[in-house]
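1. I'd like to go over a predicted model; first the sequence, then the structure.
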Amino acid sequence: MRALPSSTTVCRVLLGLDRAGASGTLRVRGEGRSATLSLESGEVVGANVDRRVATSPRQVFENVLQMCEWEGLVLRLVQSPSATTWWKLRDPVPARTLALQIMRTAVTGVYAASVRAELGDAVYHLTAAGEALSLGAQLRPEETAVLFWLKRGVPAEDLATLPGCGLAGYRFLWMLKLLGAASPKAGGSYPLLLRKRRELRREASAHVLLDLPEGAGGRDARLALRKLIRDLHPDRFGDRAPLALRRASGEIVTALVNAEARIASGRTH
């Protein structure tokens, strides 16, 4: 969806301003157009997009949603008094509420297969930003269910089948990932990574790489691949892992995928 990158940028900023309880004017520019959002203590009290002044929370949402169609956005918060009273909203909108509304709309049109590919099969958990977002946010039932499982750590591939989640919950997890509110749980296996690197350097067979006995078939290879990737994918080691480690992890995961393909096709060497 064209608006997804800009929506993610705007909503990350809104969530940050909400957490900080910020006041001031958020100035936004893109494609030669401009907008201003006025905030008081983390709440949006006024919005002016392309000289269209919002007079209700619904119009704020519609105006900001249109703004998210712009490319190359530049955002800057100016510490200044809030909007003048003649266009100040009677019912302010919490910045987190606006961010959630915008992102829900942005991810709705994305194909489920694309969402699955983006999430992979890593185990996800709430970040500090996610914990803050969950406090007092107006959530839908499936979103509340997703947060319940995320607090315990949940494999992405299992989420759609868990009680109360479904496909909508799966999209919500991806939305949280885009916002930095959920991330793969660090905890990759360093000993396993080192062992697989040694096997790769020794040009071990496809079966050895996948920890399978000789003669195992394609179904066993698929199951073994999924199990190993859960421990060896770069995301499992966290964003703070050394770059060299993440590169080694990526190289090994590629080798494992190739090994599974060779077994599935009958080419084991």
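-> Cool, the structure landed. Numbering: from 1, shown residues only.
2. CA atoms only for the host helix or strand of Y170 - export them in CSV, please.
-> In this assignment (DSSP states H and E), Y170 forms part of helix 166-178. Extracted in CSV, the C-alpha atoms of helix 166-178 (Å, rounded to 0.1, in the frame of the first residue of the first chain):
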residue,chain,number,x,y,z
GLY,A,166,-7.5,-14.7,14.0
LEU,A,167,-6.3,-13.0,10.9
ALA,A,168,-7.2,-9.5,12.3
GLY,A,169,-4.9,-10.3,15.3
TYR,A,170,-2.2,-11.3,12.9
ARG,A,171,-2.4,-8.0,11.1
PHE,A,172,-2.3,-6.2,14.5
LEU,A,173,1.0,-8.0,15.4
TRP,A,174,2.5,-6.8,12.1
MET,A,175,1.2,-3.3,12.8
LEU,A,176,2.9,-3.4,16.2
LYS,A,177,6.1,-4.5,14.6
LEU,A,178,6.1,-1.6,12.2
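3. other SSEs contacting that helix?
-> helix 95-108, helix 112-119, strand 123-126, helix 141-150, helix 156-159, strand 182-184 (3 or more Cβ pairs under 8 Å, 6 or more residues apart in numbering; DSSP states H and E). In short, each C-beta sits where N, CA and C put it, glycine included.
4. Now do the contacts for P155.
-> Listed by Cβ atoms under 8 Å, 6 or more residues apart in numbering, the contact set of P155 reads 121-124, 230.
5. could I get these as TSV with neighbour count and pLDDT?
-> Converted to TSV, these look like this (neighbours: other Cβ atoms under 10 Å; pLDDT from 0 to 100):
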residue	neighbour count	pLDDT
D121	15	72
A122	23	75
V123	19	79
Y124	25	86
R230	18	82
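6. List just the nearest of the residues you listed to L14.
-> When those are compared for distance to L14, the smallest value, 22.1 Å, is given by Y124; criterion: Cβ to Cβ.
7. From the chain's centroid, how far away is the strand or helix carrying V64?
-> In the assignment (DSSP H and E), V64 maps to helix 57-67. Here the centre of helix 57-67 is set off from its chain's centre by 22 Å, with Cα atoms, centre = their mean, to the nearest Å.
8. Give me the contacts around the helix or strand that it is followed by.
-> Once the chain leaves helix 57-67, the next helix or strand it forms, by DSSP H and E, is strand 74-78. Applying Cβ under 8 Å, 6+ apart, the external contacts of strand 74-78 come out as 9-10, 13, 17, 22, 24-30.
9. now with 6 Å?
-> If you take Cβ atoms under 6 Å, 6 or more residues apart in numbering as the criterion, strand 74-78 is touched by 13, 24-29.
10. out of these, what pair is the most spread apart?
-> Checking the contacts of strand 74-78 against each other with Cβ to Cβ, the farthest-apart pair comes out as G24 and R29, at 16.2 Å.
11. who's more crowded, those two?
-> Per other Cβ atoms under 10 Å, whichever of G24 and R29 has more neighbours is G24, with 17 against 14.
12. what bridges to that one?
-> When bridges are assigned using DSSP bridges, the partners listed for G24 are L39.
13. picking that back up, buried subset of the contacts of strand 74-78, written for ChimeraX?
-> The ChimeraX command for the buried members of the contacts of strand 74-78 (criterion: 16 or more other Cβ atoms under 10 Å) is given here:
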select :13,24,25,26,28
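14. would you list the contacts of strand 74-78 in JSON lines and tack on secondary structure, pLDDT and distance to M103?
-> Putting the contacts of strand 74-78 into JSON lines (DSSP: H, G, I helix; E, B strand; the rest coil; pLDDT from 0 to 100; distance: Cβ to Cβ, whole Å) gives the following:
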{"residue": "V13", "secondary structure": "helix", "pLDDT": "95", "distance to M103": "12"}
{"residue": "G24", "secondary structure": "strand", "pLDDT": "92", "distance to M103": "22"}
{"residue": "T25", "secondary structure": "strand", "pLDDT": "92", "distance to M103": "22"}
{"residue": "L26", "secondary structure": "strand", "pLDDT": "94", "distance to M103": "17"}
{"residue": "R27", "secondary structure": "strand", "pLDDT": "94", "distance to M103": "21"}
{"residue": "V28", "secondary structure": "strand", "pLDDT": "95", "distance to M103": "16"}
{"residue": "R29", "secondary structure": "strand", "pLDDT": "94", "distance to M103": "21"}
